[in-house]
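Novice: structure of the sequence below:
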Amino acid sequence: MNRLEYLKSIRSSNPKEIYETWKAMGSLEVSSATKLYIQGTLFKVNAVRGDLREALVFCKSEYLVDEDHEPINWEDITTDSTKTICNIHDGVTSPCFDIVLTLSEQMAIDKDAPVAQDQTLFPQSKEISTNFIIPEIELERILSECGVPFIRIEELEYTREQIIALAVVPAVQEFYSYFPIIEEQYLGNYGPGQEFLIPFIPYAFNGVVYYTIGNGGAGTNPGYSNAFAFMGEQYAIGGMGMGGSGRYGRGVSYPNKVAPGWTGLGIREANFMGRQLQQAWTNLMRKERTHTVYKDGKRYLHGFSTIGGSLNCKWCKWNNNWDAIDFEQLKDVRRLATAYIMRNLAAIRCQVKSDSPANIDYSLFSQRADAIEDKITEKWDGSSTNLRWTVERGSAGL
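Specialist: All right, here's what the predicted structure looks like:
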């Protein structure tokens, strides 16, 4: 709920709070001579006649009187039965202003009643915000099919913050779901069957864990060397007779004789072949289970494996900065964001009354959005560097 929505929600139940909010914000008044209207301000219209005489009006977006924008003659502004919208001319509604309290509603207020000195302005309001960073020129490129910059962003049905939160960020996240940024992280040493619970790093939405097995032991299990130590010692290396440690008893050995199966091979080649055998059994017998859990407001990777060793993770991430997108992908991400905002605008504008002088077939916006989105997602699905191959190749992002 933003500030305007909050004021509208208490209009019938607590109009005195709206009046006191106006006083607390400096008792601002405007007239037809006013040149600048600042977004987020609440002001009283200083007019001697008309529907908006003495009305309290909220400024939704900045309005500057210049060569392209005429001064506002508040006495000529009308409203409808809702006493909320400001009609500029022939049913055309102003995108910059909304009425929150008329003169008649103010007349019914007991202005002498005491007001709490610790009153909080807009206690239940919260503006839509996002920490996504995007250059202004990129936002205008995205909105070019919607008429920007010939139409100011402030004159659209959505604010700049809403456009970024509802269209740009979802498009960027969709892009990274195909081409994530891969960040490698070492998570520690784990023994066979040992459970792990790893918190997601910032901006990660998925992760692929894997083990690397060395000759040494895992710190969590001092007696560990690998998942098939017995097999490796008794068969692949041959116990103490071929340099093994003999932890499981003396292995099969053939002193001063040719070992069956290893004819003509030296100890080094035999060792290499033993490692191949060990890896083959490891691949055959290993079992791994990993899934995502959400608890205490955080997301975790939870799992275990029948093998052990150094646990690592390839995190799939997105980025909250537009500039992080690869240059060759910018065009597609722009177009996808354009499709999202066109669909949102079409959903609102298609609700215009059919007898309105500004009646336009805004379904074309929706059709255009569908065509753009289908073409881009089809292209990304067929890419050889999308998510299916990203983990293997290391990264398709930064």
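Novice: which residues of the stretch 151-300 of the chain score low on pLDDT?
Specialist: 151-155, 214-270, 282 (pLDDT under 70).
Novice: recalculate using a threshold of 80.
Specialist: For the stretch 151-300 of the chain, the stretches with pLDDT under 80 are 151-159, 213-275, 278-288.
Novice: got phi/psi on Val45?
Specialist: Listed backbone geometry of Val45 is phi -80, psi 120, with angles given as degrees, to the nearest 10.
Novice: which strand or helix spans Glu184?
Specialist: Secondary-structure element containing Glu184, defined by DSSP states H and E: strand 181-190.
Novice: how far away from the center of its chain is that strand?
Specialist: Shown here is strand 181-190, whose average C-alpha point lies 23 Å from the average C-alpha point of the whole chain (C-alpha atoms, centre = their mean, to the nearest Å).
Novice: do the same with stretch 278-288
Specialist: With C-alpha atoms, centre = their mean as the basis, stretch 278-288 stands 38 Å off its chain's centre.
Novice: quick one: the helices in the stretch 251-398 of the chain?
Specialist: Counting by DSSP state H, counting those that start in this stretch, one finds helices in the stretch 251-398 of the chain at the ranges 267-285, 330-349, 363-381, 387-393.
Novice: return the most buried member of those.
Specialist: Here the criterion is mean neighbour count by mean count of other C-beta atoms under 10 Å, and of the helices of the stretch 251-398 of the chain the winner is helix 330-349, at a mean of 20. Bear in mind the C-beta positions are built from the backbone N, C-alpha and C, glycine included.
Novice: what helices or strands is that helix leaning on?
Specialist: Judged by 3 or more C-beta pairs under 8 Å, 6 or more residues apart in numbering; DSSP states H and E, the packing partners of helix 330-349 are helix 136-142, helix 169-178, helix 363-381.
Novice: compare the ones you listed and give me the one nearest Val92.
Specialist: Across the helices and strands packed on helix 330-349, Val92 has its closest neighbour in helix 363-381 (19.3 Å, C-beta to C-beta).
Novice: chain center to that closest one: distance?
Specialist: 21 Å.
Novice: what sits up against that helix?
Specialist: Applying C-beta atoms under 8 Å, 6 or more residues apart in numbering, the external contacts of helix 363-381 come out as 145, 174-175, 178-179, 332, 335-336, 338-340, 342-343, 345-347, 349-350, 386.
Novice: for it, what does the pLDDT average out to?
Specialist: Confidence over helix 363-381 (mean pLDDT, whole number) is 75.
Novice: just want the angle from that helix to helix 169-178.
Specialist: Orientation note: helix 363-381 sits at an angle of 20 degrees relative to helix 169-178 (axes from the mean of the first three to the mean of the last three C-alpha atoms, to 10 degrees).
Novice: do me a favour and get the end-to-end distance for stretch 69-84?
Specialist: Its start and end residues considered, stretch 69-84 measures 22 Å (C-alpha to C-alpha, to the nearest Å).
Novice: and what of stretch 172-187?
Specialist: End-to-end distance for stretch 172-187: 28 Å, by C-alpha to C-alpha.
Novice: distance from it to the middle of the chain?
Specialist: Counting by C-alpha atoms, centre = their mean, stretch 172-187 is centred 12 Å from the centre of its parent chain.
Novice: buried residues in it, which are they?
Specialist: Under the neighbour-count criterion of 16 or more other C-beta atoms under 10 Å, stretch 172-187 has 172, 174-176, 178-183 buried.
Novice: farthest pair within those residues?
Specialist: Largest separation among these by C-beta to C-beta: Glu174 and Glu183, giving 19.8 Å.
Novice: that older thread, direction included, what does the strand holding Glu184 pair against?
Specialist: Its sheet considered, strand 181-190 pairs with strand 309-317 (antiparallel) by DSSP bridges.
Novice: now the strand it pairs with: how far from the chain's centre is it?
Specialist: Using C-alpha atoms, centre = their mean, we find the averaged C-alpha position of strand 309-317 to lie 22 Å away from the chain's own average C-alpha position.
Novice: mean confidence (pLDDT) on that strand, please.
Specialist: Strand 309-317 comes out at a mean pLDDT of 90.
Novice: ok, residues contacting that strand?
Specialist: Outside strand 309-317, the residues touching it (C-beta under 8 Å, 6+ apart) are 176, 180-190, 196, 198, 200-214, 218, 226, 301, 387, 390-391, 397.
Novice: still on that earlier bit, adding distance to Arg286 as columns, could you present the buried residues of stretch 172-187 in TSV?
Specialist: What follows is the buried residues of stretch 172-187, written out as TSV (distance: C-beta to C-beta, whole Å):
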residue	distance to Arg286
Val172	37
Glu174	34
Phe175	34
Tyr176	31
Tyr178	30
Phe179	30
Pro180	26
Ile181	29
Ile182	23
Glu183	25
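Novice: give me the number of residues near His291?
Specialist: His291 has 8 neighbours, counted by other C-beta atoms under 10 Å.
Novice: hang on, the earlier thing: out of the helices of the stretch 251-398 of the chain, which is closest to Arg53?
Specialist: Shortest distance between Arg53 and the helices of the stretch 251-398 of the chain, using C-beta to C-beta, is found for helix 330-349: 30.2 Å.
Novice: got the angle for the closest one vs helix 363-381?
Specialist: Orientation of helix 330-349 against helix 363-381 (the same axes, to 10 degrees) gives an angle of 150 degrees.
Novice: chain center to helix 330-349: distance?
Specialist: Relative to where its chain is centred, helix 330-349 has its mean C-alpha point 16 Å off (C-alpha atoms, centre = their mean).
Novice: would you mind pulling the contact partners of it?
Specialist: For helix 330-349, the external contacting residues (C-beta under 8 Å, 6+ apart) are 138, 141-146, 156-158, 163, 166-168, 170-172, 174-175, 325, 360, 362-366, 368-370, 372-373, 376, 379-380.
Novice: how near is Phe327 to Tyr203?
Specialist: Note on Phe327: its distance to Tyr203, by C-beta to C-beta, to the nearest Å, is 20 Å.
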